[in-house]
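>>> this is a predicted model, with the sequence first.
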Amino acid sequence: MDIKLKNKYVYITAFIICVYMFGLSALSANDFIKNRKYLGEDPYFTSSEFKNELVGYFNNIQALNGVYKNYSQKSDDEKVTKAELMSSKTLYDSNLRNREYEIISKYTNELVAADKEGIKETVSRLTEGKNKELDKLKKQNAKTLEDFKKEIAAYKTKDYENVKKAVEGKSIIKYYITRGKNNAIDTNIGNVSDIDLYVKNNALYSIKFPEKSLVNNNELVSINQSLGTNGEAYFIIPQDIDKNSYIYGNYVYYNSVGHRIIKEAIIGAVSFSIGLLMLIYILKKNNKEIVYTEKLTRWYNKVPLDLKVLIFIIYSFIMSVYLNTVVFFYKPYSFGQIYKLTIVAFYIFYFIFNVWMVVNLKRNKEEFRAEVKKCLFHKLSNFMKESPVTQTTKFKVRGIIILTLLAGVAILAAIAALVNYSILAIIPIAYVLCYLLFILIYSLNIIKAFGGILKGTQEIVSGNLNYTIKERGRGDLFKLAHNINNMKAGFKKSLENEIKSERLKSELITNVSHDLKTPLTSIINYVDLLKKEDLSNEKAQGYIDVLDRKSQRLKILIDDLFEASKMASGAVELNMEKVDVTALLSQALAELHEKINNSSLIFKLKVPKEKVYANLDGKKTWRVFENLINNILKYSLPSTRVYIDLVVDDYKIIITMKNISSYEMDFDKEEIFERFIRGDKSRNTEGSGLGLSIAKSILELQGGNLSIEIDGDLFKVKVTVPCYQP
């Protein structure tokens, strides 16, 4: 047990040393990369800082020997050229005209308005004010050519003094310049006959122009171009340079940094070697002995793989920014350096741990597949596949996720660019701003649409079924609003049907009670009369006849009621066969021939001469025709015509019966099919009120249909059955 504990502490100590050594090597490598410009021979004299200094120095020398040549000996008239004078006056006059135009524009609108209104006093006052401002402007800006000349001369004199001071102030840089075909010499080196010998004996550093090795993007190209083909220039830093000068200070600093970087490189290499040896030592041991990693591994495995990758990228980016800004190698040493090293060492530990996890996943394919299944992206993909939302919404969700991820990348890119002071930071910042604006507008639209739906559902729940939700856009929220509106309309219709059904049930009970009670009351009354002993045979026989009719009437009502109930429940056996519909209709008319003859109605029958077949139950269909013809006989206006037509149209047999009603038809044509509902609301005619309901049910069970149309007093019944299909 003690041995295992000792091994544990050995491994922990070795691993801590390992990560700290790797951290130190990372800091060394980072500092080496950042300061590599300090390496090489004469790092300061080859730096951009010195080159820019040299170019500025050369330009000032050129100015002293060009624009400002013999400047101190010139008069004011000679210092200022005619072109400079005219250019300055032209610019001055242009600015003066612009200011005059501003004053005139300020008064123009008010003057036009006052002139239109005919207010002369206002016009006069405004004109006077404008003229005063213009006169004041002219008096304040009444410069002569002599004034311009003095201003230009003063400016050029000041610039000459600055240029001269800059050249003389950098006298530690020696120069030797020859120009033109005559090799005119300009130098600040005294008594030099051979410049090459002087350079050889006295130069700490020198550079000669034109320099053929310069490329186009080099800072010193401008010197080559200024000298042309007939000039040469030497710039020399002498060996006896003033040790207090800034150039010598920079020279020493650059060399010291270069030496420090070399030492850092050695430290980094040694640190990396120690860290690598420690890591190899740890990895060679049995993984089971390194028990301190087990809990960490179990915890880390709970994090989804894609989230691990995202965290790794973000953390690595943050560390790259940190390493780019951190300063570690300095004296005197302090606790801050240990703190910085610990930060880097912790990242090294995180990096090594992730590499170790990747290696294990590569070895164990099953574990890798399990990790992939636990990925947030994988779960999101499954959710999107299984989600009932439309493809449009899925596309929008994917798009927003991608845009959000790109926004995160853009933020990191912007931070990196800002750290490096790069103007390219504008691009990711512009993207992030556009993304935030898009998300804001999109979210507000979603909230607005969702709020409308929520308000609509609250109105519907409170009982306002006339409220309609505004259907916005084209997405799923639009479909949701549309579906809720349809559900509301369906619920409203269902409620109306329920109310109507309750009313019809109430009427059904009333009608059934009335239709059953009427014959039953008659039967009871006539039975009471028969019980009297003083009745004659003739009178008794009359009562018996009435009882017979009423009992038959009661029987018909009960039979029809059972028939309607069977039809409604579907418990009807049909004997389907090939039936001649024309013959069946003619048979029904023949059966009722006596009733038809006894009525004053005139029947007009129009049927095809050939036989028309359908697959029907003959007896039940005959019952349909019988019920319809009986209705015509009961409710038709006397002495009117009845039209019965049979036609075949598009594999359907259509039978139409039309008659003129004897009463006003003020009922709902759909309600007439309800049980015990009659068109004759007074219920003075005989009948159960079940005829049309039974007829409709019979036809629908056989694949047919029964419908009615009402046009004034015209009552039209249409029977439709499919033609026979062999």
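Looks like it came in fine.
>>> which elements pack onto the helix or strand hosting K658?
Following DSSP states H and E, one finds K658 within strand 652-660. Where contact means 3 or more C-beta pairs under 8 Å, 6 or more residues apart in numbering; DSSP states H and E, strand 652-660 is packed against helix 581-591, helix 618-635, strand 641-649, strand 714-722. (Glycine included, C-beta is placed from N, CA and C.)
>>> helices or strands up against the longest one?
Based on contacts counted as 3+ C-beta pairs under 8 Å, 6+ apart, the elements that helix 618-635 packs against are strand 576-580, helix 581-591, helix 593-598, strand 652-660, helix 691-701, strand 714-722.
>>> for L418, find the nearest of those.
helix 691-701 (78.8 Å; C-beta to C-beta).
>>> send me that closest one as PDB with only the CA atoms.
The C-alpha trace of helix 691-701 is given here as PDB (Å, rounded to 0.1, in the frame of the first residue of the first chain):
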ATOM      1  CA  GLY A 691     -89.500   8.000 -44.400                       C
ATOM      2  CA  LEU A 692     -86.700  10.200 -45.800                       C
ATOM      3  CA  SER A 693     -84.300   9.300 -43.000                       C
ATOM      4  CA  ILE A 694     -84.800   5.500 -43.700                       C
ATOM      5  CA  ALA A 695     -84.600   6.100 -47.500                       C
ATOM      6  CA  LYS A 696     -81.300   8.100 -47.100                       C
ATOM      7  CA  SER A 697     -79.800   5.400 -44.800                       C
ATOM      8  CA  ILE A 698     -80.700   2.600 -47.200                       C
ATOM      9  CA  LEU A 699     -79.100   4.300 -50.200                       C
ATOM     10  CA  GLU A 700     -75.900   5.300 -48.300                       C
ATOM     11  CA  LEU A 701     -75.500   1.600 -47.100                       C
END
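>>> whichever helix or strand comes after that helix packs against which elements?
Tracing the chain C-terminally past helix 691-701 and defining elements by DSSP H and E, one meets strand 705-711 next. Contacts defined by 3+ C-beta pairs under 8 Å, 6+ apart place strand 705-711 against helix 691-701, strand 714-722.
>>> redo the ones you listed as CSV? Include distance to Y251.
Shown next, in CSV, are these (distance: least, C-beta to C-beta, whole Å):
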stretch, distance to Y251
helix 691-701, 110
strand 714-722, 110
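>>> I'd like the next helix or strand past the helix or strand bottoming out on mean pLDDT in the chain.
Least confident helix or strand, the chain: helix 376-386 with a mean of 65, by mean pLDDT, DSSP states H and E. Later in the chain than helix 376-386, the nearest helix or strand by DSSP H and E is helix 391-419.
>>> what pLDDT, on average, does that following helix get?
In this model, helix 391-419 has a mean pLDDT of 73.
>>> and that helix, what does it pack onto?
Short answer (3+ C-beta pairs under 8 Å, 6+ apart): helix 391-419 packs on helix 305-325, helix 376-386, helix 426-461.
>>> what do you get if the cut-off is 10 Å, keeping everything else the same?
helix 305-325, helix 376-386, helix 426-461, helix 476-530 (3 or more C-beta pairs under 10 Å, 6 or more residues apart in numbering; DSSP states H and E).
>>> lowest mean pLDDT across those, which one is that?
helix 376-386 - the lowest mean pLDDT of the helices and strands packed on helix 391-419, at a mean of 65.
>>> any idea how far L39 is from L27?
Distance of L39 to L27, computed by C-beta to C-beta, to the nearest Å: 18 Å.
>>> so for these two, which sits in the more crowded spot?
L27 (24 against 15; other C-beta atoms under 10 Å).
>>> the more buried one should be in a helix, yeah?
Yes. Assessed by DSSP: H, G, I helix; E, B strand; the rest coil, L27 belongs to a helix.
>>> ok, now which ones touch the nearest residue to it once chain neighbours are set aside?
Excluding its sequence neighbours, the residue lying closest to L27 (C-beta to C-beta, 6 or more residues apart in numbering) is F328, at 4.8 Å. F328 makes contact with 23-24, 26-28, 30-31, 264, 336-337, 340-341, 344, according to C-beta atoms under 10 Å, 6 or more residues apart in numbering.
>>> now which of the residues you listed would you call buried?
23-24, 26-28, 30-31, 264, 337, 340-341, 344 (16 or more other C-beta atoms under 10 Å).
>>> let me have the residues you listed in JSON lines, extended by pLDDT and distance to K116.
Listed next are the buried ones among the contacts of F328 as JSON lines, based on pLDDT from 0 to 100; distance: C-beta to C-beta, whole Å:
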{"residue": "G23", "pLDDT": "89", "distance to K116": "83"}
{"residue": "L24", "pLDDT": "91", "distance to K116": "86"}
{"residue": "A26", "pLDDT": "90", "distance to K116": "81"}
{"residue": "L27", "pLDDT": "90", "distance to K116": "80"}
{"residue": "S28", "pLDDT": "91", "distance to K116": "83"}
{"residue": "N30", "pLDDT": "88", "distance to K116": "77"}
{"residue": "D31", "pLDDT": "87", "distance to K116": "78"}
{"residue": "E264", "pLDDT": "87", "distance to K116": "83"}
{"residue": "Q337", "pLDDT": "87", "distance to K116": "82"}
{"residue": "K340", "pLDDT": "89", "distance to K116": "78"}
{"residue": "L341", "pLDDT": "90", "distance to K116": "83"}
{"residue": "V344", "pLDDT": "91", "distance to K116": "79"}
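>>> please tabulate those residues in a markdown table and include secondary structure as additional columns.
Putting the buried ones among the contacts of F328 into a markdown table (three-state DSSP) gives the following:
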| residue | secondary structure |
| --- | --- |
| G23 | helix |
| L24 | helix |
| A26 | helix |
| L27 | helix |
| S28 | helix |
| N30 | helix |
| D31 | helix |
| E264 | helix |
| Q337 | helix |
| K340 | helix |
| L341 | helix |
| V344 | helix |
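>>> how about these in CSV, adding distance to R179?
What follows is the buried ones among the contacts of F328, written out as CSV (distance: C-beta to C-beta, whole Å):
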residue, distance to R179
G23, 58
L24, 56
A26, 54
L27, 52
S28, 50
N30, 48
D31, 45
E264, 47
Q337, 55
K340, 55
L341, 58
V344, 56
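>>> wait, which of the helices and strands packed on helix 618-635 is closest to L137?
Distance to L137, taken as C-beta to C-beta, is lowest for strand 714-722 among the helices and strands packed on helix 618-635, at 98.5 Å.
>>> mean confidence for the closest one?
In this model, strand 714-722 carries a mean pLDDT of 90.
>>> report the inter-axis angle for that strand versus strand 641-649.
30 degrees (axes from the mean of the first three to the mean of the last three C-alpha atoms, to 10 degrees).
>>> mind listing what strand 714-722 pairs with, with the direction of each?
Counting by DSSP bridges, the strands paired with strand 714-722 are strand 652-660 (antiparallel), strand 705-711 (antiparallel).
>>> how is the protein carved up into domains?
The chain is divided into the following domains under automatic domain parsing: 2-30+268-365, 48-246, 387-454, 573-722.
>>> so how far is the last one from its chain's centroid?
What it means is domain 573-722. 62 Å (C-alpha atoms, centre = their mean, to the nearest Å).
>>> can you check the first one too?
Here the centre of domain 2-30+268-365 is set off from its chain's centre by 40 Å, with C-alpha atoms, centre = their mean.
>>> same deal with stretch 479-494?
Using C-alpha atoms, centre = their mean, the offset of stretch 479-494 from its chain centre is 28 Å.
>>> distance check, the nearest residue to I632 once chain neighbours are set aside against Y643.
With C-beta to C-beta, 6+ apart as the criterion, I632 has its nearest non-adjacent residue at 4.8 Å, and that residue is N659. Counting by C-beta to C-beta, the separation of N659 from Y643 is 8 Å.
>>> neighbour count for those two, which is higher?
Set N659 next to Y643 and count neighbours by other C-beta under 10 Å: N659 wins out with 25 against 14.
>>> is that one in contact with I710, as I believe?
No. If you go by C-beta atoms under 10 Å, N659 and I710 don't touch, sitting 11.5 Å apart.
>>> what do these two both touch?
Counting by C-beta under 10 Å, 6+ apart, the residues touching both N659 and I710 are K716.
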